[in-house]
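>>> just to be clear, the model below is a prediction. Sequence and coordinates:
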Amino acid sequence: MTATLTAAVPFTTVIGLEVHVQLQTRTKLFCGCATTFGAAPNTQVCPTCLGLPGSLPVMNRTAFELAVRAALALGCKIAPFTKWDRKNYFYPDLPKGYQISQFDLPFSSQGALEVVDPKGALTRNVRITRVHLEEDAGKSMHDETAGTGDTRIDLNRAGTPLCEIVSEPDLRSPQEARAWLNELKLLLVYLGVSDCNMQEGSLRVDANVNLHIPCDGGRIAKTPIVEIKNMNSFRSVERALVYESARQYEEWQATKAEMGKTPKQTRGWDDPAGVTRAQRHKEESSDYRYFPEPDLVPVTVSEEWLAATREAMGDPPSVLREALAATWKIPPYDADVLVNQGRELVSYFEDLAGRVGEGKVASNWMQQDVLRTLNERGGSIDDFPVRPAAVADIIGRVAKGDFDTSRAREIFAEVLASGRTVDDVVASMGIAAVDDDELISLCRELLAANPRVVADVQGGKEQAAAGLIGQAKKKNPNVNPGKVRAMCLELIRQM
Amino acid sequence: MSLSRNDVAKVGLLARLALSESDLDTMTRELSTIVGFVGQLEQIDTTNVAPLAHPLDTQNVFRADVPQPSLTTAQALQSAPRHDGEFFLVPAVLGDSGAN
């Protein structure tokens, strides 16, 4: 997947990602305010998340458990003892003047998530440095058109639980970074950790990138690390990284500046312009003056608790892909496509495959008909009007020889468009099973009208019979091509 | 241990305190005294003492994920220096910090 890029450029792109996901809890991390997205401004706030004097945080158990679930799924070690720290900085959307986060004792570390290429061309193991649990800040809105010059602050989001997932710089191309993010998102959605909706800000990505450039004498020059922010889709992440690696290479050619000589730079992605722009210099980590949060007590995680969390977790997509391929005897590619569409689609498929009894046939219908039309229509598979029973019914009739696959597709489309039952549609389209007598007389007619074909088949060219099928369908659109062919050959043999 | 004027100026900046030159002189002297006082703790041999994350001997305090009533917007905004009935208003800043 990266061949074209890596082959064309004289450097290696080194990428690490930092991902924040909002956990799917009903309430905030340290107070009982709701986390509903889109509520009217400053309606989901209380003394705790407003940082009013005298208020105290109490940890949301579900938030902690979802975070542990994410870390376990990423293969992280769960620390038996963890605590929270204050990260101090001033910003209007951070009412307390500090964010409660985790500094030196995060609840988990040292995991990994592979980028899986189903065609087997590339699998890369991307290490996870750490996963920790922290609170989100509020939202600042600056409305230039209002002309007031004020920034408006909505603190509904302040205190929402966030899981921060930090990868090692193990990714080697923008395309790979995007593929990895897709896999991460899929995993977190499958496990019910987060809805990962980027439009609503429940998944946010920052990327650290620099280049390793081979120089004379085998030395590797490393360009200064740049952190890219403000990317609001995985596509933007890929585009920003492509742009930024080209920009760094150009800058390196001009300045020969290497890592460590300048402070780490933060650049913002300007999506419409397709460029990254320099932002404020990132404060040194010590400027946040982390210290242990005195208002929260530490958490210790027992083996029993971990075992219960594992139990409740469900299969991650990687396990499900293999299970699906093995159970239904479908190729890895098919399993990958199905699993990548989400758990609901997998359930639909399993329902269908169970009714049809043949995984590959069910999978073909999923990929060609169900998925294609679902993508055209939009919406969720759970709202898709043609249910597995109806698709299985159509497939069953093809197997019985009532009609062929192309006719079956028309029926599927009509069931989808009209919302009527398969029986209704079959009747109204004038599709009736062609009985054997009809078939025999039709084939006799055809053979009588096509002596040349008969002669060819008798001369050993069985494929000549294919020429009869089009004519047969013209006479009766309900005939099954396979049956026409078999019957014609049989009749010729009997001549 | 003593603090330099630069240390104090930096801490002042991080705390958003406007310190005059004479404030800096006073603060450098007084803070150095305080840090020196606390610094006496460094004389104690802690080789065999386990690090302490929290003074309370309590762990695992949680609450259930059940929504509780929030304040009304009017209540939330009532102590703000400036608001427009919906939002807190502050002098213009660019972008939001998110959690970083």
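Nice, thanks for sending it over.

>>> do the helix or strand of chain B with the lowest mean pLDDT and chain A meet at all?
When each helix and strand of chain B is scored by mean pLDDT, DSSP states H and E, helix B:5-14 comes last, with a mean of 90. Yes. On the criterion CB under 8 Å from any CB of the partner chain, helix B:5-14 is in touch with chain A at B:Leu14. Where C-beta positions appear, they are placed from N, C-alpha and C, glycine not excepted.

>>> what are the buried residues along whichever helix or strand comes after that helix?
Sequence-wise, the next helix or strand downstream of helix B:5-14 (DSSP states H and E) is helix B:21-39. Buried positions in helix B:21-39, judged by neighbour count with 16 or more other CB atoms under 10 Å in any protein chain shown: B:Met27, B:Thr28, B:Ser32.

>>> and the second one, what does it touch?
So the one you mean is B:Thr28. For B:Thr28, the contacting residues are B:Leu3, B:Ser4, B:Arg5, B:Asp7, B:Val8, by CB atoms under 8 Å, 6 or more residues apart in numbering or on different chains.

>>> ok, of the residues you listed, which one's closest to A:Ala464?
B:Asp7 (95.3 Å; CB to CB).

>>> rewinding a little: out of the buried residues of helix B:21-39, which one sits closest to chain A?
When the buried residues of helix B:21-39 are compared for distance to chain A (CB to the nearest CB), B:Met27 comes out closest, at 16.6 Å.

>>> doesn't B:Gln78 make contact with A:Leu50?
No. A:Leu50 is beyond contact range of B:Gln78, at 10.9 Å (criterion: CB atoms under 8 Å).

>>> between the two, which one's more packed in?
A:Leu50 (25 against 10; other CB atoms under 10 Å in any protein chain shown).

>>> wait, A:Val166 sits on A:Arg127?
No. When contacts are counted by CB under 8 Å, A:Val166 is not listed as touching A:Arg127 (9.9 Å).

>>> what residue ranges in the stretch 301-450 of chain A score low on pLDDT?
A:431-434 (pLDDT under 70).

>>> give me the number of residues near the residue in it positioned nearest to chain B?
Using CB to the nearest CB, A:Val301 is the residue of the stretch 301-450 of chain A that sits closest to chain B, at 8.7 Å. Neighbour count of A:Val301, defined by other CB under 10 Å: 18.

>>> so it touches A:Cys76, yeah?
No. A:Val301 lies out of contact with A:Cys76 (CB under 8 Å); the separation is 11.9 Å.

>>> with respect to A:Met313, which of the contacts of B:Thr28 is nearest?
B:Asp7 (48.3 Å).

>>> neighbours of that closest one, just the number please.
The burial count for B:Asp7: 15, using other CB under 10 Å.

>>> how near is it to B:Gly36?
13 Å (CB to CB, to the nearest Å).

>>> mutual contacts of those two, please.
Counting by CB under 8 Å, 6+ apart, nothing touches both B:Asp7 and B:Gly36.

>>> just to revisit the earlier point, how about the contacts made by the residue of the stretch 301-450 of chain A closest to chain B?
Per CB under 8 Å, 6+ apart, neighbours of A:Val301: A:Val68, A:Ile78, A:Ala79, A:Pro80, A:Thr82, A:Phe107.

>>> what pLDDT is listed against the fifth one?
Pointing back at A:Thr82 there. pLDDT recorded at A:Thr82 is 96.

>>> check the last one too.
You'll see A:Phe107 listed with a pLDDT of 96.

>>> out of everything not next to it in sequence, what's closest to it?
Nearest non-adjacent residue to A:Phe107, counting by CB to CB, 6 or more residues apart in numbering or on different chains: A:Thr82, 4.0 Å away.

>>> now the one you found: how far from B:Ser79?
A:Thr82 is 34 Å from B:Ser79, by CB to CB.

>>> which single residue of chain B ends up nearest chain A?
Residue nearest to chain A within chain B: B:Gln68 (2.9 Å; CB to the nearest CB).

>>> state the phi and psi torsions of that residue.
phi -120, psi 160 (degrees, to the nearest 10).

>>> what does A:Glu344 give?
Torsion angles, degrees, to the nearest 10, at A:Glu344: phi -60, psi -40.

>>> for the one 10 residues further on, same thing?
Comment: the main-chain dihedrals of A:Gly354 come out as phi -60, psi -40, following degrees, to the nearest 10.

>>> what of A:Arg310?
phi -60, psi -50.

>>> what about it, how many residues nearby?
12.

>>> mind checking how far the nearest residue to it once chain neighbours are set aside is from A:Leu66?
Distance criterion CB to CB, 6+ apart; nearest residue to A:Arg310, sequence neighbours excluded, is A:Leu72 at 6.1 Å. Distance of A:Leu72 to A:Leu66, given as CB to CB: 11 Å.

>>> and those two? which has more neighbours close in?
Counted by other CB under 10 Å, A:Leu72 and A:Leu66 do not tie: A:Leu66 has more neighbours, with 25 against 20.

>>> quick check: the more buried one touching A:Gln22?
No. Checked against CB under 8 Å, the pair A:Leu66 and A:Gln22 is beyond contact range at 10.1 Å.
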